[in-house]
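Student: below: sequence and its predicted model.
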Amino acid sequence: FQKVVEVAPAITLTQKTKNKLYEYALELAREVGYNNAGTVEFLVDKEENIYFIEVNPRIQVEHTVTEEVTGIDLVRSQILIAMGYPLSHKTIFIHGQEDIECHGVAIQCRVTTEEPSNDFQPDYGTLIAYRSASGMGIRLDAGSAFPGAKISPFFDSLLVKVTAWGRTQKGASQRLHRALREFRIRGVKTNIGFLLNLLQHETFQEGRATVNFIKDNPQLVAPPNWRDRGTKMLRYLADVIVNGHPDVRHFDPAIEFLPPPVPAYDPHAPIPPGTRQKLQELGPEGFAQWLKDYKPIQYTDTTFRDAHQSLLATRMRTYDMMKVARSFALRHPNDVFSMEVWGGATFDVALRFLKECPWKRLEFLREAIPNICFQMLLRGSNAVGYTAYPDNLIIKFVEEAAEAGIDIFRIFDSLNWVEAMKVSIKTVRERTNSIAEAAICYTGDITDPAHPKYNLQYYLDLARRLEDEGAHIIAIKDMAGLLKPMAAEMLVTELKNAVHTPIHLHTHDTSSIQAATYVKAIEAGVDVVDVAISSMSGLTSQPNFNSVAAMMKRHEREHPVDLQSLNEFSDYWESVRRIYYPFETELRAGTAEVYDHEIPGGQYSNLRPQARSLGLEEQFETIKKNYQIANELFGDIVKVTPSSKVVGDMALFMTSNGLTKEDILKRGHTLSFPDSVKALMRGDLGQAEGGFPPEIQKIVLKDEKPYTERPNAHLAPVDFEEEFPAFQKEFGEHLDFRNFLSYKLYPKVYRDYREHYEQFGLIRALPSPAFFFGLKFNEEILVSLAPGKNLLIKYLNVTEPDFQGN
């Protein structure tokens, strides 16, 4: 047998057996005339029969536990005896057997570079990190263990012996367990996980373990699920420093980032009630009626969602939102009707590019801001994806989103097809206590008689149908900023007469005149308008919250807002925005071109990076023209994700292949179109107003037949009882149902996200400059992994590449 753990004394042996062991040992020593320290080894069976093994005439590996329980320094005493000192000498001070007493229990573990799950196979390599433990009752007898130490396969794999003393065996086990947990050894495998499993086992703590204990309990050698967060984070930073962030194309190392100024607040102050408490008090129906009866204009702040989606390609990280979340909850509890924080492209981007869990973002924000209604953008039968999903998956997603903190679901369909919105509206109404805000997507110009397809009557009929389906609120989703002031006045006025719900207006300020649109809409009676804090507003984002609030001062519908405080938050976001400079839209001023190409604000900021990735950035003007042409080919459709993405894909396809409209019509039957275009023409995204042009459908689909019913009807329902356990078996039983939903919505993206997480860990805790750009020489950052657990990371050196370039 190989000794693994040493314990003194053996608490389950009777005193009679112990006395026999002492007598046998002394008898053996006398017989051979041995007169120094040594070790006599025996085995004792269950009946306490004693079997002699061997004598070691030297100090053994387990001498430490004897020293701890007796208080006698065996090594020093052995040397003194060899020098001729008697035991009774004052330097040894043992006058008789009565001077050797046993106090408490000591346990020793040998920390080695062995892999217990692989039959204790020794490992070798270089120690990347080595940190030992200490504290009362802990003793370390170290070998050559330090950062940079080379562990050879030709010598003993011992790194350090750790000995713990306690008044009982259970107490000593717990103390040793704590010490081993504090060790940090990186670069080689160790047996610490096995030792932890052993020490916390009840049989061992009670002193009943036998030589067959490990063999009878194979679970002890199972490898632990180490989080290893610190090392993984260092690996990520090293990768970004050396190779750059894959999403950052134009990195300027000369740019310095100052700490963003967080508006002051008392973290211990009670949270004042806001609109969320109003919703919980009145219920959805009563809340909608309260909003309709409330005369002052209400504001929805989009800073945490659509503003950064429209300006910064959706790249805003949870880290930067959380810095000001609690402050905003305390300082603006009643200044906003809601905060748009989730949905749309943020779900995909969080997983795909930011490598963070979108559900965790919602949970963290909800905890920090418990008093303001949270709003999300839900793409009807597409949920937060770009394709249709089974109805029961949509239902589960809505239920979980409401449970996680969403109070208002802005539900839309990318083609204004009510059939695709019914399941979502019904689910919100019947399975949650949230608000169903059904959106009509605005396109065209209702004041232009030359374009009658999307006229005023079209929108009024659409609003009435959505009200009949159960919408609590009707939203006007002006995703490209096409709603001009006079048209807004006309549309809002007629909608207020046509439906009995509140009206909520959303727009983008691409043309730079949408503040005028809001003035007309407010005067016509709109109940809520979407705005973004000033430094995150304008252009492809929403109109300026600070300026609109200032504009409304002394207006009969003024809603009082703390402008001074809003300006402080604007200072924060201005500083944060500088970090995201690689993702700026590069649109420097408003443009009337939007009335021609009709590119939604949220898509505009993503279209240029797409073009860049395809090597088409220099042809961006051509892409915008082809976007307009693609829309005409498709029959002038409503353009909002995912339909707008299809138009964008077609524009990029035409640009990259140098195709014109005539080319598509004349030789389209020979072309292989993007999958998204085929899906649109097939009916996968629903049905467009007036249908798709049959000629284009034929060109794109060839011999494939399109369909006109709901695409979800073609999809088999998800078997949650079977698929969720299979998901946990593949990815980990600790992953919850919300992770499973992410996987079902984005299978490949989620798989890549989990692989990245396993390799690099909890990188959402990194400050954003470090996340995107790494560290500079001698730069130091503080990373908080959990309350009371902080990492101080400093970049000191980079080695020269080896012969392979690594």
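Tutor: Good, I have the coordinates.
Student: and residue 500, how far from residue 635?
Tutor: Distance, residue 500 to residue 635, using Cβ to Cβ, to the nearest Å: 33 Å. Heads up, the C-betas are built off the backbone N, CA and C, glycines and all.
Student: what is the burial count for the residue nearest to residue 235 when sequence neighbours are not counted?
Tutor: What sits nearest to residue 235 in space, not counting adjacent residues and going by Cβ to Cβ, 6 or more residues apart in numbering, is residue 760, at 6.0 Å. When neighbours are counted by other Cβ atoms under 10 Å, residue 760 registers 20.
Student: what do you get for residue 364?
Tutor: Quick note: residue 364 (other Cβ under 10 Å) scores 18 neighbours.
Student: and it, how far is that from residue 227?
Tutor: Residue 364 is 19 Å from residue 227, by Cβ to Cβ.
Student: do the same with residue 509
Tutor: 44 Å.
Student: those two - which one has more neighbours?
Tutor: residue 509 (25 against 11).
Student: for that one, helix, strand, or coil?
Tutor: coil (DSSP: H, G, I helix; E, B strand; the rest coil).
Student: contact partners for it?
Tutor: Contacts for residue 509 were tallied using Cβ atoms under 8 Å, 6 or more residues apart in numbering; they are 481, 515, 537, 538, 539, 540, 541, 542, 543, 544, 590, 601.
Student: out of the residues you listed, who has the most neighbours?
Tutor: Going by other Cβ under 10 Å, residue 542 tops those with 33 neighbours.
Student: skipping adjacent residues, who's closest to that residue in space?
Tutor: Nearest one to residue 542, counting by Cβ to Cβ, 6+ apart, is residue 532 at 4.3 Å.
Student: worst mean pLDDT across the helices and strands of this structure, which element?
Tutor: helix 601-613 (a mean of 83; mean pLDDT, DSSP states H and E).
Student: after that one, which helix or strand is next? Please name it.
Tutor: helix 620-633 (DSSP states H and E).
Student: ok, and what's touching that next one?
Tutor: So helix 620-633 is in contact with 593, 596-599, 607-608, 611, 616, 637, 639, 647-648, 650-652, 654-655, 660-661, 664, 693, 696, going by Cβ under 8 Å, 6+ apart.
Student: so residue 629 versus residue 685, what's the distance?
Tutor: To residue 685, residue 629 is 20 Å away according to Cβ to Cβ.
Student: show me where pLDDT drops low in this structure?
Tutor: 1 (pLDDT under 70).
Student: could you chop it up by domain?
Tutor: 5-70+104-226, 294-718 (automatic domain parsing).
Student: let's verify residue 474: helix, strand, or coil?
Tutor: Per three-state DSSP, residue 474 ends up strand.
Student: quick one: contacts for it?
Tutor: Residue 474 neighbours (Cβ under 8 Å, 6+ apart): 437-440, 463, 466-467, 495, 499, 501-504.
Student: before we move on, the earlier item: show me which of the contacts of helix 620-633 are buried.
Tutor: Listed as buried from the contacts of helix 620-633 are 593, 597-599, 607-608, 611, 616, 637, 639, 647-648, 650-652, 654-655, 664, 693, 696; burial here means 16 or more other Cβ atoms under 10 Å.
Student: ranges for the helices of the stretch 151-300 of the chain?
Tutor: Remark: helices assigned in the stretch 151-300 of the chain by DSSP state H, counting those that start in this stretch are 169-182, 192-199, 202-205, 213-216, 229-243, 275-293.
Student: picking up where we left off before, isn't the residue nearest to residue 235 up against residue 237?
Tutor: No - counting by Cβ atoms under 8 Å, residue 237 is not a contact partner of residue 760; they are 9.1 Å apart.
Student: look up how far residue 353 lies from the closest residue to residue 432 other than its chain neighbours.
Tutor: Nearest residue to residue 432, sequence neighbours excluded (Cβ to Cβ, 6+ apart): residue 402, at 3.7 Å. As for residue 402, its distance to residue 353 is 26 Å (criterion: Cβ to Cβ).
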